[in-house]
Each structure stands twice: as structure tokens, then as C-alpha cells.
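Chemist: Fold the following and give me the result.
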Amino acid sequence: MDANPAGAAHHPQGLLPWADRLAVAVAVLGLLTLAWQSAERNSQQALQLAALSLAGPAAHVTLPAVQVVGRRDSLGAGAASTAPLA
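Modeler: A predicted model of the protein is given here:
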């Protein structure tokens, strides 16, 4: 005799009981919460580090003197434009 007659509806059963599925869902939510908190903590630390590095004393740099060796003729063949550089 056939266990499932042709006219009967087939209702598939879950592979895990509802309690196990609930435990897996709670575990996944717990892991997502830990990942969220870790990302939030790392973001706050990055912001604090950036604020500290920007709030520090300004670094003053003294550049060496520049000596002009020669001047290019503005009407020469090598000049791309006659507009002064900003």
C-alpha cells in the first residue's frame, strides 16, 4: 500500500524542530549584534584618532630659498599659453 495516495496533499516537514530553529535565529541575531557593536566601537575610535591628529599643533615647514636661473621668453615656441599661472 502507498504511504501517500495520489489524491492526498503532501505537506513537507521541516528538518529542524521549531525550538532548534529559534535557537539558531537567536544565535544569528546575537552574532549580528556583536558585529554591529564592534563596527560602532571601531568607528568611534577612528573618529577620536582623526580628531586628535587634526587638533594637534600645526606643523610649520621652512622651505629652502629658490634661485631663479633664467626666464623663458613668453613669445617662444615652447610657451603653451600666455596666461600667467595662478
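Chemist: Which residues belonging to the helix or strand containing residue 25 are considered buried?
Modeler: Taking DSSP states H and E as the criterion, the element that holds residue 25 is helix 18-55. For helix 18-55, the buried set under the neighbour-count rule, 16 or more other C-beta atoms under 10 Å, is empty. (C-beta placed from N, C-alpha, C; glycine too.)
Chemist: Kindly report the same for stretch 54-66.
Modeler: Buried residues in stretch 54-66, counted by 16+ other C-beta under 10 Å: none are found.
Chemist: Pass me the low-pLDDT residue ranges in the protein, would you?
Modeler: Under the criterion pLDDT under 70, the flagged ranges of the chain are 1-7, 74-86.
Chemist: go with 90
Modeler: Under the criterion of pLDDT under 90, the regions of the chain flagged as low confidence span 1-16, 52-61, 67-86.
Chemist: about what we covered before: point out the other helices and strands that the helix holding residue 25 packs with.
Modeler: Where contact means 3 or more C-beta pairs under 8 Å, 6 or more residues apart in numbering; DSSP states H and E, helix 18-55 is not packed against any helix or strand.
Chemist: chain center to that helix, what's the gap?
Modeler: Here the centre of helix 18-55 is set off from its chain's centre by 14 Å, with C-alpha atoms, centre = their mean, to the nearest Å.
Chemist: How about stretch 12-31?
Modeler: Taking the mean C-alpha point of stretch 12-31 and that of its whole chain, the gap between them comes to 31 Å (C-alpha atoms, centre = their mean).
Chemist: So that it lines up with my notes, have the first residue be 58 from now on.
Modeler: All set: I'll call the first residue 58, so the last point we hit is now stretch 69-88.
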